[in-house]
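Q: okay, sequence plus prediction incoming.
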Amino acid sequence: MGPRLLGLAAGQMNFIVSTVLASNLGVGAVTAYNYAFQLSQIPVGVLGVSVAIALFPTFSRDAALGRIEEIRRQLSTSLRILIFLAAPLTAVMIVLARPIAAVFFQYGLFSHAAAERTAGALVFFSIGLTGHIVVHVLTRAFYAMQETRVPVLWAIIAVAINVPLMVILSGPMGIEGLALALSISATLEVIGLAWALHRRIESIDEETIGRSALRSALAALVAGVVMLGGLAAAQEWFGPTLANGAGRVLALLALAAAGTAVYLLVAVLLRSEELGQVRRYFDRRVKQEAG
């Protein structure tokens, strides 16, 4: 429990430093930063935390029985699926950051300028979205093997990287720099954990994960381009309609749906195995609910 408490303390240190720095970046900076961070953490909770919690008993059982090969298989599969799901979410949150901020927050005293500022931070938080999601699975794998020191060590290293980066980047970039610093440190933490886990269990099937990540990134890139074009067209053709709440919601849903459809289409063309794995998972869930 001791190392775990240190890891949580390291995470709180990020929050304290970012809040102090944001408070010196003008009126509304802290609010915009916190709102953008909260939006970016929605998929982290839905995907990363929930999958990690679900896998932890399986990891623990296999570790207790010495079934390292099974841990490798489960880890590789779960990481590939999470990356496959995180890629389109990243594209959506980067391209549609402005509509998302407007739909969630631009009401009453929350002005257009405040929504723009929140959207700017959300873009840079989204860069590290995949890292924020998969880190939970990697740390649970260590916990299952009764190893808490390594995740805590990398959490402390991430803070040691993040704090000076926030100081450096907040000057020229404002709250966007704070968000970018957190994304960079989170990505480096994941790389460090993956390297340490590779040393611990000899392999985490890096080549397969890498190929899968490239396919997902390519599909997300195509989807992002389509959404960007759709957003520009919507602003040109339906500009006044997007000024009201209902118009914003409809535009956001339509663009996100179009991007998701394109992502799935490209994934099919690239023969992404994760598409079938996700479909089988939801089929099992439906059967379980029906049963």
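A: Yes, it's here.

Q: and the gap between L122 and T90?
A: The spacing between L122 and T90, counted by CB to CB, to the nearest Å, is 11 Å. For glycine as for every other residue, the C-beta is placed from the backbone atoms N, C-alpha and C.

Q: who has more neighbours, those two?
A: Applying other CB atoms under 10 Å to L122 and T90 shows that L122 carries more neighbours, namely 27 against 24.

Q: quick one: residues contacting the more buried one.
A: By CB atoms under 8 Å, 6 or more residues apart in numbering, the contact set of L122 is A36, L39, S40, M93, A97, I100, A101, A179.

Q: among these, which are in helices?
A: Under the assignment DSSP state H, the contacts of L122 contribute A36, L39, S40, M93, A97, I100, A101, A179 to helices.

Q: could these go into CSV alongside distance to L79, pLDDT and neighbour count?
A: Listed next are the ones in helices among the contacts of L122 as CSV, based on distance: CB to CB, whole Å; pLDDT from 0 to 100; neighbours: other CB atoms under 10 Å:
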residue, distance to L79, pLDDT, neighbour count
A36, 26, 92, 29
L39, 24, 91, 21
S40, 20, 91, 26
M93, 20, 94, 23
A97, 26, 92, 24
I100, 26, 92, 22
A101, 30, 90, 27
A179, 24, 93, 29
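
Q: tell me which two in the residues you listed are the farthest apart.
A: Across the ones in helices among the contacts of L122, the longest distance by CB to CB is 14.4 Å; it joins I100 and A179.

Q: for A251, which non-adjacent residue is closest in space?
A: Nearest residue to A251 in three dimensions, chain neighbours excluded: A234, at 5.2 Å (CB to CB, 6 or more residues apart in numbering).

Q: quickly find the element holding the one you found.
A: Applying DSSP states H and E as the criterion places A234 in helix 206-237.

Q: check the contact between A258 and G230; I expect there is one.
A: Yes. Between A258 and G230 there is a contact under CB atoms under 8 Å: 5.7 Å.

Q: so for the two, which residue has more residues nearby?
A: Taking neighbours as other CB under 10 Å, A258 and G230 compare with G230 leading, 19 against 15.

Q: how close does the more buried one sit to L221?
A: G230 is 15 Å from L221, where distance means CB to CB.
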